[in-house]
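Participant: Fold the stuff below for me.
(chains A and B)
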2 protein chains.
Amino acid sequence: MKLDKYAPIEWKFAKRCGPLKSSIIRDILKVTQRPEVISFAGGLPSPNTFPVEKMRAAFDYVLTTAGTTALQYGPTDGYPPLREFIAHSLSKNGATIHPDQIMMISGSQQGLDLLGKVLIDEGSKTLVENPSYLGAIQAFSVYEPHFVPVETDDHGLIPASVAARGEGARLVYALPNYQNPSGRTLTAKRRVELVEVCARMRIPLVEDDPYGTLCYRGEPLPTMLAMNPAGVIYMGTFSKVLTPGIRLGYVVAPRPLFSKLEQAKQAADLHTAQLTQMVVYEVIKDGFLDQHIPTIRTLYASQCNIMLDALSKYFPPGVTWTKPDGGMFIWVTLPKHIDSMALSTEALTHNVAFVPGSAFYVGTPETNTLRLSFVTVPAEKIYEGIERLGKLIAAKI
Amino acid sequence: MKLDKYAPIEWKFAKRCGPLKSSIIRDILKVTQRPEVISFAGGLPSPNTFPVEKMRAAFDYVLTTAGTTALQYGPTDGYPPLREFIAHSLSKNGATIHPDQIMMISGSQQGLDLLGKVLIDEGSKTLVENPSYLGAIQAFSVYEPHFVPVETDDHGLIPASVAARGEGARLVYALPNYQNPSGRTLTAKRRVELVEVCARMRIPLVEDDPYGTLCYRGEPLPTMLAMNPAGVIYMGTFSKVLTPGIRLGYVVAPRPLFSKLEQAKQAADLHTAQLTQMVVYEVIKDGFLDQHIPTIRTLYASQCNIMLDALSKYFPPGVTWTKPDGGMFIWVTLPKHIDSMALSTEALTHNVAFVPGSAFYVGTPETNTLRLSFVTVPAEKIYEGIERLGKLIAAKI
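Facilitator: This next block holds a predicted model:
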């Protein structure tokens, strides 16, 4: 058969795909596959924290005792015992979360896609922190929102900015704990204010909380979900406390929204793997995370302190950075005239990688910012990489 | 804290969610959880065919030998060795499929969602067989297409109908092998004609092929992918030949489209579980499917013959049905005046379930049709259920 006999397709893509491009982070990560590169660019959890043997044993147990159930199609909303476990663990600070508000999803990124699909029309006002999580900006962008940036400072999102800009918005997207990319934490007082502003303006508040339990200093602050379960959509994940490669997260949604999300999930991929959910339930049901998460905290806190130490040693005056109380990221602000995108290209030639800050803005980007991840790099490499970066920056001041 | 102090949200959903509703199939499946119900409604593969021990051993092996890699974030396009394996297995009939055209996805349902997202604008002409797979209709519908039904007969989709109605269409969606719901197979001659019509009209042709290897009579026909790899998007899955609960499928796409699909996949859920892909590769890499699939064929062919026998015994004159050469479904046509939706309600009170045909049409539904699945019901129950149904139908003639 002659295969070239047909004229090629002239591909016509949907308008919504205009803003879609490959994530700059994933592009940088490709370069950082080279072993000689010291990469602060990744957002990967440390594989040293993966409870591999515990997972292996749980897969073995579930497949031995309930193999055909685990490998068959399952319900769209998820595995009931796991949903009950999560509901119970979120029921605190006076709030009761019901299992029928918990939908299991294929990583919390999928929750962002489903929320965009269900809540955002073309031109819908959509409020996101400035800067905000790139994956959320990407997921929402295909639904063609009118992004409105919410102002932030060292204490996180500024609720008054939501009040000033939020009229008629379809949602406010917030990442209150150790935010990606800034590492900042929304204060307890502002959480209450934000919940009140959103409730008063009748705007659904999306609380994305991948890092909430990775707290290195002080106590975790209450969730906004607990303050108003009928108005807050909460997203959690097992990526940062167990392992990311299994792709398992959950969204907690008030019932009217839940039904729509469930229908959208069904159309998108039927359901999330039943086997994975049964295994995770098996791993965590007897309180494993209560012992395991502190070990992650200890490791990451130590990594964070090493990077903070390296920054104060090697970064020149005029450069500032956040001191996160948890999570995986430090946010650096250079003198205004230094463009971090150009610095990134230069740093890669010196085998050091980070993510330039401009990717994280829906408003006017602050081009003198950058994100550093501290969790996977060995101590001596942190010092070496930060020293190299410091020299490159110093040469521009 | 007083939790009821906030006014409730008045939820406003995106316009695209208007057509979203819970699948009638999944609604009927909920009823059929009752053990006394004889259900021909499901589309579930038989759990007797799941290679549970083989899967258990593979999970054990991968987690023992490459645990941290398997449990870490992975590439958006998928696990390279598995992509190579699939590309190789699809390279036949003179066509060469490259690994970089294969994207691993979370079940082939996700491919439908991604294709809709990337190819369909509001009002885009989208051609689907009449009747067609309900999951595809649902997945596409959220992107607000202008659905155009393509005529079909006992030999499958009629290519002249595409020629007549396809001008300017964004895609033609076809399920050529043992179609869900009709059980029909597109003839070899029509495959060539369809590929030619689509190429001439520059319309991307989506070939959805979940059942292609489940062939009970004759030889599998060539894929349309092999006839024109630059114009055909092919979708495959491990759900019907291994197990569905792991949620693993793939889409084969020409490179210009592939990049867009990859970006959409990244925004939708980052990537499909690396562990699952490594395990499936481990299971199939030495030719396991070549021995395993014939055992599924034998079982399903026997089930199919039993149902065909029961139908000829118990269904009254004036009722006709398809005699599938493979797959999982038989399509029944009742006398015109019998409404299968009303029959379904009545049958459920007699503890027999099936799916009324009208759910599968984007054009005017033929309300006298229904879908029967034969794969999971024991022989004596097939006879019993079909006898009961036959009596209900006979009473209306």
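Participant: Residue A:112 sits in which helix or strand?
Facilitator: In this structure, residue A:112 is located in helix A:108-119 according to DSSP states H and E.
Participant: Just list what that helix packs against, helices and strands only.
Facilitator: Other helices and strands packing on helix A:108-119, by 3 or more Cβ pairs under 8 Å, 6 or more residues apart in numbering or on different chains; DSSP states H and E, are helix A:134-141, strand A:205-208, strand A:232-237, strand A:249-252, helix A:255-269, helix B:255-269. The C-beta positions use only the backbone N, C-alpha and C, and glycine is treated the same way.
Participant: Go through those and name the closest to residue B:13.
Facilitator: In terms of Cβ to Cβ, the element of the helices and strands packed on helix A:108-119 nearest to residue B:13 is helix A:255-269, at 5.6 Å.
Participant: Tell me the buried residues in the next helix or strand after the closest one?
Facilitator: Downstream of helix A:255-269, the first helix or strand assigned by DSSP H and E is helix A:274-284. Within helix A:274-284, the residues scored as buried using 16 or more other Cβ atoms under 10 Å in any protein chain shown are A:274-284.
Participant: Next, the angle from helix A:274-284 to helix B:274-284.
Facilitator: Interaxial angle, helix A:274-284 versus helix B:274-284 (axes from the mean of the first three to the mean of the last three Cα atoms, to 10 degrees): 120 degrees.
Participant: just checking, what packs against helix A:274-284?
Facilitator: The helices and strands touching helix A:274-284, judged by 3+ Cβ pairs under 8 Å, 6+ apart, are helix A:52-71, helix A:80-90.
Participant: In a markdown table, list those helices along with mean neighbour count and distance to chain B.
Facilitator: Shown next, in a markdown table, are those (neighbours: other Cβ atoms under 10 Å in any protein chain shown; distance: least, Cβ to the nearest Cβ, whole Å):
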| stretch | mean neighbour count | distance to chain B |
| --- | --- | --- |
| helix A:52-71 | 18 | 4 |
| helix A:80-90 | 18 | 13 |
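Participant: Could I get those in CSV, plus columns for mean pLDDT?
Facilitator: Converted to CSV, the helices and strands packed on helix A:274-284 look like this (pLDDT from 0 to 100):
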stretch, mean pLDDT
helix A:52-71, 98
helix A:80-90, 97
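Participant: okay if I get those as TSV plus distance to residue A:129?
Facilitator: Formatted as TSV, the helices and strands packed on helix A:274-284 follow (distance: least, Cβ to Cβ, whole Å):
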stretch	distance to residue A:129
helix A:52-71	34
helix A:80-90	22
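Participant: Next up, the contacts around the closest residue to residue A:112 other than its chain neighbours.
Facilitator: Once flanking residues are discounted, residue A:112 sits nearest to residue A:139: 3.7 Å by Cβ to Cβ, 6 or more residues apart in numbering or on different chains. The neighbourhood of residue A:139, defined by Cβ atoms under 8 Å, 6 or more residues apart in numbering or on different chains, consists of A:109, A:112-113, A:115-116, B:267-268.
Participant: could you dump these to TSV with pLDDT, distance to residue B:316 and neighbour count?
Facilitator: What follows is the contacts of residue A:139, written out as TSV (pLDDT from 0 to 100; distance: Cβ to Cβ, whole Å; neighbours: other Cβ atoms under 10 Å in any protein chain shown):
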residue	pLDDT	distance to residue B:316	neighbour count
A:109	97	53	27
A:112	98	53	27
A:113	98	49	28
A:115	98	51	30
A:116	98	51	27
B:267	94	53	29
B:268	96	48	30
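Participant: For residue A:290, state which of the residues you listed is nearest.
Facilitator: Residue A:290 lies nearest to residue A:109 out of the contacts of residue A:139, by Cβ to Cβ, at 26.2 Å.
Participant: Residues of the stretch 251-397 of chain A that sit close to chain B?
Facilitator: Neighbours of chain B within the stretch 251-397 of chain A, by Cβ under 8 Å from any Cβ of the partner chain: A:254, A:256-257, A:259-260, A:262-264, A:266-276.
Participant: related to what we said a few turns ago, tabulate the buried residues of helix A:274-284 (CSV), appending distance to residue A:332 and pLDDT.
Facilitator: Listed next are the buried residues of helix A:274-284 as CSV, based on distance: Cβ to Cβ, whole Å; pLDDT from 0 to 100:
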residue, distance to residue A:332, pLDDT
A:274, 43, 95
A:275, 41, 97
A:276, 36, 98
A:277, 39, 98
A:278, 42, 98
A:279, 39, 98
A:280, 35, 98
A:281, 40, 98
A:282, 41, 98
A:283, 36, 98
A:284, 35, 98
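Participant: Show me which of the residues of the stretch 251-397 of chain A next to chain B are buried.
Facilitator: By neighbour count, with 16+ other Cβ under 10 Å, these hold A:254, A:257, A:260, A:262-264, A:266-276 as buried.
Participant: hang on, residue A:230 packs against residue B:6?
Facilitator: Yes: contact status for residue A:230 versus residue B:6: in contact at 6.8 Å, counting by Cβ atoms under 8 Å.
Participant: Those two: which has the busier surroundings?
Facilitator: residue B:6 (19 against 15; other Cβ atoms under 10 Å in any protein chain shown).
Participant: What strand or helix carries the closest residue to that one other than its chain neighbours?
Facilitator: Excluding the flanking residues, the one nearest residue B:6 by Cβ to Cβ, 6+ apart is residue A:199, at 3.7 Å. Secondary structure from DSSP H and E places residue A:199 in helix A:188-201.
Participant: which other helices and strands contact that helix?
Facilitator: On a contact count with 3+ Cβ pairs under 8 Å, 6+ apart, helix A:188-201 meets strand A:156-157, helix A:159-165, strand A:171-174, strand A:205-208, helix A:224-227.
Participant: at 7 Å instead, please
Facilitator: Counting contacts by 3 or more Cβ pairs under 7 Å, 6 or more residues apart in numbering or on different chains; DSSP states H and E, helix A:188-201 packs against strand A:156-157, helix A:159-165, strand A:205-208, helix A:224-227.
Participant: In CSV, list the ones you listed along with mean pLDDT and distance to residue A:122.
Facilitator: Formatted as CSV, the helices and strands packed on helix A:188-201 follow (pLDDT from 0 to 100; distance: least, Cβ to Cβ, whole Å):
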stretch, mean pLDDT, distance to residue A:122
strand A:156-157, 97, 25
helix A:159-165, 98, 19
strand A:205-208, 98, 19
helix A:224-227, 96, 28
